[in-house]
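*Asks:* The following comprises the amino acid sequence and a computationally predicted model.
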Amino acid sequence: MRCDLCYQSEPSTYVELHHNVGMIILRRVYTTEGELCRSCLDRSFWHHTLRNLTLGWWGTISFIMTWYYLLSNVVTYVQARSELRKARPRREAPREAVSGAEARRILEPFEHNVRMRLRDGETPEAIAQDLARFHGVELGAAQQFVDEQRQAA
Ligand SMILES: [Zn+2]
């Protein structure tokens, strides 16, 4: 999800934050509304909170509305933070495991190594798992490769 303020594709969540500016008789409300990432959420929350605290109170209705906005912003903020905590940070897409001829080409340089390990008494399964993990090939392809080395040895 893209953040509406900084346009980074970070996990973001929808919030509405407000602050009141009291002017004795008149008042104005400023709102931030949109999908925000964590750092923009923090920045917006403090932006509105600071202004509510300093500019909010001046006027009867303003006094009430400022309390309301302070509290509703805190509720929004706490909920949004927990939403964002649930959203996993983006991870690198897992590399596609390679199989077939491509796997063979990757594993070929390790023929000797595999035969040595077999001779040392390691199980073919353990060797295949290592190969699959370190070289990004499918486990099946790695197993087949190890079996071939075992037969050739
Ligand atoms: Zn942002």
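*Replies:* That came through, no problem. Numbers count the residues shown, from 1 in each chain.
*Asks:* Can you list the buried residues in the longest helix seen in the chain?
*Replies:* Secondary structure assigned by DSSP state H gives helix 60-86 as the longest helix of the chain. Of the residues in helix 60-86, those with enough neighbours to count as buried (16 or more other Cβ atoms under 10 Å) are 62, 65, 66, 69, 70, 73, 76, 77, 80, 81, 83, 84. Glycine gets a C-beta too; all of them are placed from N, C-alpha and C.
*Asks:* Quick check, the first one in contact with residue 27.
*Replies:* Yes: judged on Cβ atoms under 8 Å, residue 62 makes contact with residue 27 at a distance of 4.6 Å.
*Asks:* Now the common contact residues for those two.
*Replies:* By the contact definition Cβ atoms under 8 Å, 6 or more residues apart in numbering, residue 62 and residue 27 are jointly contacted by 20, 21.
*Asks:* So which elements touch the longest helix of the chain?
*Replies:* Secondary structure elements in contact with helix 60-86, counted by 3 or more Cβ pairs under 8 Å, 6 or more residues apart in numbering; DSSP states H and E, are strand 12-23, strand 26-37, helix 38-55.
*Asks:* Quick one: work out the angle between that helix and strand 12-23.
*Replies:* On the basis of axes from the mean of the first three to the mean of the last three Cα atoms, to 10 degrees, helix 60-86 is oriented at 160 degrees to strand 12-23.
*Asks:* For residue 135, which non-adjacent residue is spatially closest?
*Replies:* Across the structure, with Cβ to Cβ, 6 or more residues apart in numbering as the measure, the residue nearest residue 135 apart from its sequence neighbours is residue 106 (5.1 Å).
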